[in-house]
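Novice: please find the sequence and the predicted model below.
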Protein chains: 2
Amino acid sequence: MNPDQQPLRTSRTPRAVQIVAAARDLLEERGRDELTMRALAERLGIRAPSLYKHFRNKEAVEAALVEDALADMGTALHTALAGASPTDRVPVLLAAYRRHALAHPALYRLATTGPLPRAALPERLEEWAGSPFFLATEDPHLAQALWSYAHGMVVLELDDRFPGGSDLDLTWQAGARAFTEP
Amino acid sequence: MNPDQQPLRTSRTPRAVQIVAAARDLLEERGRDELTMRALAERLGIRAPSLYKHFRNKEAVEAALVEDALADMGTALHTALAGASPTDRVPVLLAAYRRHALAHPALYRLATTGPLPRAALPERLEEWAGSPFFLATEDPHLAQALWSYAHGMVVLELDDRFPGGSDLDLTWQAGARAFTEP
DNA sequence: TCACGCGGCTAACAGCGTTAGCCATCTCTC
DNA sequence: GAGAGATGGCTAACGCTGTTAGCCGCGTGA
């Protein structure tokens, strides 16, 4: 477990890079339901079956998006913690998590909902992306609990599940306080 | 806001009750992807278009399932809290939440993921189902934070997102401790 | 020069939600 | 008892989805 060094990335052909970029744009612009093989191909100026020359199936395209999402989130969290004083780590981490997730909502949902395509991901990427929670809490179980809290907040906020008029800033603060040693 | 009295339920014809029951069985047995109008009809011995004599579309069938899921979860949580001493409320509530969600995983996911079909739900059902979190914390923001934590834990556990070998009992305990006044 | 592979293409299939239109049966009213 | 209308089935079909089979033009290396 070496959380300081960023893990390897899956290698992609130049065309595959273009496809993933187009898929990401399409996902964020139109939502997950409209990320179809035909719409993706159209955005690239080709027909849907041609995509299968570059990716085995749609799941493989999504796995590439998940990989990018994990890498981006990991970078955001590690960067945020690097500039935080030891007593501020939990609120700083939570703020970075929330900001990053809400800035790329559809990609966040794609990467964190449903089963993780672990077989298609680089070796230690998942662990590295989550390690900031351990760095902030210094306890493995509390780290998982804090991560669950952050994920639950984001996902409920994205789905508009909180009662209307809720001041979510205060709710995030209440959670941060609960997870900070008194 | 009267959390003690269970809210009204949507009225259903006898045939609609049968359809929802079949949909629930199908959902839990085969998963969300296989809950299709054709498969649901087949289980009832009819053809898919006939379902539209009873529900406007698939979304309406799912809304009925969501209503049942919320009512069941609300009952489970209120019942659990009724038998808890004031100091035990948070861990008792979390245990009941986890147990109930994991006992009906597909229904839980259907009811808590994506936008809530509020227009199709009885008036105060959503609020009533969530009120145990307020009863356990006596603070609205802490209640929302605790609910987010519980939802995050359940959803990550259902999706097998925690590292292999994690002792989730300990993680639940760590979270319960964080949300309990010291 | 020629083979070969890369990366396009069209046609097509099965499965999805959904609609249109038809028809048997049951019940209520006169 | 007779007719009317609602109820709840049905088939056929449409447009969408992911995906496969099979074809072909072009660029590159031997």
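Specialist: Done, it's in.
Novice: okay, now residue A:121: neighbour count?
Specialist: 20 (other C-beta atoms under 10 Å in any protein chain shown). Just so you know, the C-beta spots here come from the backbone N, C-alpha and C atoms, and that holds for glycine as well.
Novice: is it true that it touches residue A:66?
Specialist: Yes: assessed by C-beta atoms under 8 Å, residue A:121 is found in contact with residue A:66 at 7.1 Å.
Novice: residues of chain A that sit close to DNA strand D?
Specialist: Within reach of DNA strand D by C-beta under 7 Å from any atom of the strand, chain A has these residues: A:34-39, A:48-49, A:52, A:57-59.
Novice: by neighbours, which of those residues wins?
Specialist: Within the residues of chain A next to DNA strand D, residue A:35 tops the neighbour count with 22 neighbours, counted by other C-beta under 10 Å.
Novice: tell me the contacts of the nearest residue to that one once chain neighbours are set aside?
Specialist: Spatial nearest neighbour of residue A:35, chain neighbours left out: residue A:27 (4.9 Å); criterion: C-beta to C-beta, 6 or more residues apart in numbering or on different chains. Residue A:27 is in contact with A:35, A:65, A:106-107, A:110, counting by C-beta atoms under 8 Å, 6 or more residues apart in numbering or on different chains.
Novice: now do the helices in chain A.
Specialist: A:14-30, A:37-44, A:58-82, A:89-103, A:105-112, A:125-137, A:140-158, A:168-178 (DSSP state H).
Novice: adding mean pLDDT and distance to DNA strand C, write these out as JSON lines.
Specialist: Below are these laid out as JSON lines (pLDDT from 0 to 100; distance: least, C-beta to the nearest atom of the strand, whole Å):
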{"stretch": "helix A:14-30", "mean pLDDT": "97", "distance to DNA strand C": "5"}
{"stretch": "helix A:37-44", "mean pLDDT": "98", "distance to DNA strand C": "7"}
{"stretch": "helix A:58-82", "mean pLDDT": "97", "distance to DNA strand C": "13"}
{"stretch": "helix A:89-103", "mean pLDDT": "98", "distance to DNA strand C": "29"}
{"stretch": "helix A:105-112", "mean pLDDT": "98", "distance to DNA strand C": "21"}
{"stretch": "helix A:125-137", "mean pLDDT": "96", "distance to DNA strand C": "25"}
{"stretch": "helix A:140-158", "mean pLDDT": "98", "distance to DNA strand C": "23"}
{"stretch": "helix A:168-178", "mean pLDDT": "97", "distance to DNA strand C": "32"}
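Novice: go through those and pick out the most buried.
Specialist: Highest mean neighbour count among the helices of chain A (mean count of other C-beta atoms under 10 Å in any protein chain shown): helix A:140-158, with a mean of 24.
Novice: do it and chain B meet at all?
Specialist: Yes: contact of helix A:140-158 with chain B (C-beta under 8 Å from any C-beta of the partner chain) involves A:141-142, A:144-145, A:147-153, A:155-156.
Novice: what is that helix packed up against?
Specialist: If contacts are counted by 3 or more C-beta pairs under 8 Å, 6 or more residues apart in numbering or on different chains; DSSP states H and E, helix A:140-158 sits against helix A:89-103, helix A:105-112, helix A:125-137, helix A:168-178, helix B:140-158, helix B:168-178.
Novice: and for residue A:61, nearest residue in space, chain neighbours not counted?
Specialist: residue A:55 (4.9 Å).
Novice: surely that neighbour meets residue A:62?
Specialist: No: in this structure, residue A:55 is not within contact of residue A:62 by C-beta under 8 Å, at 9.4 Å.
Novice: and the gap between the residue nearest to residue A:108 when sequence neighbours are not counted and DNA strand D?
Specialist: Sequence neighbours aside, residue A:101 is the residue nearest to residue A:108 in space, at 4.4 Å (criterion: C-beta to C-beta, 6+ apart). Distance from residue A:101 to DNA strand D, counting by C-beta to the nearest atom of the strand, to the nearest Å: 24 Å.
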